[in-house]
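Trainee: Below: sequence and its predicted model.
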Amino acid sequence: MKILIYLVKPYDRPLPMADALQRTVYDHTLFDVLVRGCFRRGWDCCVYRKSGWKDFTDDVARENPDAVITDITLPVRSSRVHLETIARRMPFVCMAPAPDTAADGGPFISANFSEETAVNLLVRHLKYEGYTRIGFAGFSAQISATRFNLVRQTLASLKLSPPRRAYHVPETGWLDDAGRPQALICVNDQAAMIVYDQLTARGLHVPDDIALCGIDGITADSPYRHITTVCFDFNLLAASALDLAEQHMHFNGGNAPSLVRRVVIQPRFRLGTSSLLRSRGLTKRKQDFLQTALTMLEKHFRDPDCQARACEAAGVGRTHFQRQFFQLTGSSFTRRLLEMRLDFLGTQLLKTGRPAADIAEEAGLKASGYLFRAFRARFGLTPDEYRRKAAGKEFPSPVDIKKR
């Protein structure tokens, strides 16, 4: 078997941190997982780095692959007849953020993230924090338009006024606008980091002057880790693309059963201080406390002693820690910890065949009736039902666990 991997061309020049972090995720994570996955399966693979589809037909004729995997956004329907012709001859798996694919009966197969869930998580979080004027910032690209429309639709569904236009990054004129929004959802973390630097250069503070959110989850180990975002699992994306290609190559040309043609991967919400209304006007000491607590939660949520380690890192006792965290976030540390552990359990159920009880133990949870009730409350299904759902088209999205 031979796979043609068609990936977005990386930059060939030095980049600022925001661009470099984004390209590290997109370039290295997807590339490494795809190439190693082909190697483990005993497949040959050829990797092309391109900025578009101009030479694609010639590249396919030259390599004569058995399947294609790409993260380049498909062109509009009227301009992709040559791609559809190839997609009818061989498995053609798209990982682009918002491809128009097999959902409407087209020839393409897709593995991508749930854009609707990502936007919904951010908008609902901002509404819960009390923000009513929410804007959007993005680049001049298809994915920006897609996410901007989703933001508008979600805001309208929650009875909030949608923005009439998107702010374009890296333009800065809107920063001087007296009617600028209270909170800003950026098309991705790259845009959020650029906007954060622009705000700081203007003497504006996040979230005191404007709250800020991103999408992607690439900021965890960077100086921008305080930016609220939704995290996309790029390892799972690449692995899902390989699995889809393998299934369709196996049955290509034969009497194939009803194969999955679209996998939608749900994101995970990660809270930072950049969007917390309660952190406005806080002393530096309280801001440091909150960021320390959130960082420990992100890095050590699987540790059975996570809360004790967070208390130690913050330099306060358990009772003071719990009270302070609740005052600053509106949620208990225990609740946040449970949500992250359940999200990890859900992700591993889809990525591995291990028993749910073993994964729960790795996540710092004890297999019990309460665990399975909590899992159902968050995902709407039991762990076994959730895993079986993976054989369908779309995974259920997490919901907030109700306070008890």
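Mentor: Ah, there it is. Numbering: from 1, shown residues only.
Trainee: low-scoring pLDDT stretches of the stretch 51-200 of the chain, where are they?
Mentor: Low-confidence segments of the stretch 51-200 of the chain (pLDDT under 70): 78, 97-105, 140-143, 177.
Trainee: ok, now with 50
Mentor: 98-103, 105 (pLDDT under 50).
Trainee: can you give me the helices in it?
Mentor: Using DSSP state H, counting those that start in this stretch, the helices of the stretch 51-200 of the chain run over 56-63, 81-87, 115-129, 142-157, 189-201.
Trainee: Quick check: buried residues in the second one?
Mentor: For helix 81-87, the buried set under the neighbour-count rule, 16 or more other Cβ atoms under 10 Å, comprises 83, 86, 87. Yep, even glycine has a C-beta here, placed from its N, CA and C like the rest.
Trainee: Dump the C-alpha coordinates for stretch 40-51 into PDB.
Mentor: Extracted in PDB, the C-alpha atoms of stretch 40-51 (Å, rounded to 0.1, in the frame of the first residue of the first chain):
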ATOM      1  CA  ARG A  40       3.800   0.700  11.600                       C
ATOM      2  CA  ARG A  41       1.300  -0.500   9.100                       C
ATOM      3  CA  GLY A  42       4.000  -1.400   6.600                       C
ATOM      4  CA  TRP A  43       2.900   1.200   4.100                       C
ATOM      5  CA  ASP A  44       5.000   3.300   1.800                       C
ATOM      6  CA  CYS A  45       4.200   7.000   2.000                       C
ATOM      7  CA  CYS A  46       5.300  10.100   0.100                       C
ATOM      8  CA  VAL A  47       4.800  13.500   1.700                       C
ATOM      9  CA  TYR A  48       4.200  16.700  -0.300                       C
ATOM     10  CA  ARG A  49       4.200  20.100   1.300                       C
ATOM     11  CA  LYS A  50       2.000  22.400  -0.800                       C
ATOM     12  CA  SER A  51       0.200  25.700  -0.500                       C
END
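Trainee: So which bits of stretch 149-169 are buried?
Mentor: Of all the residues in stretch 149-169, those buried under the rule 16+ other Cβ under 10 Å are 150, 151, 152, 154, 155, 162, 163, 166, 167, 169.
Trainee: sorry, back to before: can you add distance to residue 224 and give the helices of the stretch 51-200 of the chain back as TSV?
Mentor: Shown next, in TSV, are those (distance: least, Cβ to Cβ, whole Å):
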stretch	distance to residue 224
helix 56-63	35
helix 81-87	36
helix 115-129	16
helix 142-157	19
helix 189-201	5
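Trainee: on that earlier part again, if we take the buried residues of stretch 149-169, which one ends up nearest to residue 236?
Mentor: residue 150 (21.3 Å; Cβ to Cβ).
Trainee: how near is that closest one to residue 166?
Mentor: When distance is defined by Cβ to Cβ, to the nearest Å, residue 150 is 12 Å away from residue 166.
Trainee: now residue 326
Mentor: From residue 326 to residue 166 the distance is 35 Å (Cβ to Cβ).
Trainee: Quick one: the strands in the stretch 151-300 of the chain, in order.
Mentor: Here the stretch 151-300 of the chain has its strands, by DSSP state E, counting those that start in this stretch, at 167-168, 183-186, 211-213, 229-231, 262-265, 268-270.
Trainee: Can you lay out these as a markdown table showing distance to residue 124?
Mentor: As requested, the strands of the stretch 151-300 of the chain are arranged in a markdown table below (distance: least, Cβ to Cβ, whole Å):
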| stretch | distance to residue 124 |
| --- | --- |
| strand 167-168 | 22 |
| strand 183-186 | 12 |
| strand 211-213 | 11 |
| strand 229-231 | 11 |
| strand 262-265 | 19 |
| strand 268-270 | 9 |
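Trainee: The closest residue to residue 297 other than its chain neighbours: helix or strand, and which one exactly?
Mentor: Leaving aside its chain neighbours, residue 297 sits nearest to residue 336 (6.0 Å; criterion: Cβ to Cβ, 6 or more residues apart in numbering). Using DSSP states H and E, residue 336 sits in helix 333-351.
Trainee: Pull out the buried residues from the helix or strand just after that helix.
Mentor: Next along the chain after helix 333-351, taking DSSP H and E as the criterion, comes helix 356-362. For helix 356-362, burial by neighbour count (16+ other Cβ under 10 Å) applies to 356, 359, 360.
Trainee: quick check, nearest of those to residue 139?
Mentor: Nearest to residue 139 among the buried residues of helix 356-362: residue 359, at 37.6 Å, using Cβ to Cβ.
Trainee: how close does the closest residue in space to that closest one that isn't next to it in sequence get to residue 369?
Mentor: Leaving out its chain neighbours, the residue that sits closest to residue 359 by Cβ to Cβ, 6+ apart is residue 348, at 4.5 Å. Separation of residue 348 from residue 369 (Cβ to Cβ): 20 Å.
Trainee: which of these two has more neighbours?
Mentor: Taking neighbours as other Cβ atoms under 10 Å, residue 348 and residue 369 compare with residue 348 leading, 19 against 7.
Trainee: got the contact list for the more buried one?
Mentor: Counting by Cβ atoms under 8 Å, 6 or more residues apart in numbering, residue 348 makes contact with 354, 359, 362, 363.
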